[in-house]
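>>> Structural data only, the sequence is not supplied:
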DNA sequence: CTTTTGACCTGACAGC
DNA sequence: TGCTGTCAGGTCAAAA
């Protein structure tokens, strides 16, 4: 489920449920996630007030009094507010139990997600310190992309999905943003002009912002509810539309594989 | 340094 | 029905 917009929506959805709360304990049913969940997680977090909930890239950061929880949803993770005594499903691996009888429950079938704990400056954590800028920040613009891409021969889509270049652009939004920018996903990143990067930066910002808005309206109860209904009903321009007709030129959408990820594009609109 | 490949996991689905 | 193969929203680590 999680590209940047969904992590952002999750963050916004959880925040009011955490505000002013204290963590009573942590329940770890399965510690085998992307990295092992710290064995002493419960002792580390017990009794601490939740001071804030923020997002950096696709990481959710739960600021406690004496450290920070780093949560990642991987490919299949979700976080929901539940009654702490409600029965856990097979893929409900971790609960952060709050002092009002609720918990934040991590469900993650594929277990590519993560729950980590640090007592140091979280932004200096090895997983976070070398990340690129947030795509919705002012730092992310044509000049940034143009400068960082010089000398790079990777396809622009691969370049965009590299979190050390810019965070939060997953496979769906890389495809969609390149369509909106009129750029062929296979183009070498180092050969794109500044003008084309200006169009691309704008397309990325607009695509992500629109998705967050859509998530905000269709997933308002995401954190509390049973599902993510509505999110996928949005109209993609290219993603998953192989062989269907382009919504702009009516040409046939093509599919190819870059790395091990699916790429979709319109050969007429994207040059 | 850059680029490519493999790895981690489960579930859904197509085709036989 | 049941098996096999493929694919899925991420991203690190190792190899080339």
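Sure, I can see it. Keep in mind it's a predicted model, so treat the numbers as computed, not measured.
>>> Chain A: helices as residue ranges?
In chain A, the segments counted as helices under DSSP state H are A:4-18, A:41-45, A:142-149, A:156-160, A:171-181, A:194-218.
>>> Near DNA strand B, which residues of chain A are found?
Within chain A, the positions lying close to DNA strand B (CB under 7 Å from any atom of the strand) are A:32, A:34, A:75-76, A:90-91, A:109-112, A:151-154, A:158, A:190, A:259-260. C-beta coordinates here come from the backbone N, C-alpha and C atoms, glycine included.
>>> if we can go back for a sec, mean neighbour count added to the helices of chain A, as TSV?
Formatted as TSV, the helices of chain A follow (neighbours: other CB atoms under 10 Å):
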stretch	mean neighbour count
helix A:4-18	21
helix A:41-45	18
helix A:142-149	18
helix A:156-160	23
helix A:171-181	23
helix A:194-218	17
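>>> Out of these, which is closest to residue A:119?
Residue A:119 sits nearest to helix A:41-45 of all the helices of chain A, at 8.2 Å, using CB to CB.
>>> now that closest one, how far from the chain's geometric center?
Relative to the mean C-alpha coordinate of its chain, helix A:41-45 is positioned 26 Å out (CA atoms, centre = their mean, to the nearest Å).
>>> which helices and strands does that helix pack with?
For helix A:41-45, the packing partners by 3 or more CB pairs under 8 Å, 6 or more residues apart in numbering; DSSP states H and E come out as strand A:23-28, strand A:67-72, strand A:114-118.
>>> Single out the most deeply packed of those.
Ranked by mean neighbour count under mean count of other CB atoms under 10 Å, these are led by strand A:67-72, which reaches a mean of 22.
>>> quick one: the helix or strand bottoming out on mean pLDDT in chain A to helix A:142-149, angle?
In chain A, no helix or strand scores lower on mean pLDDT, DSSP states H and E than helix A:194-218, which sits at a mean of 90. For helix A:194-218 against helix A:142-149, the angle by axes from the mean of the first three to the mean of the last three CA atoms, to 10 degrees is 110 degrees.
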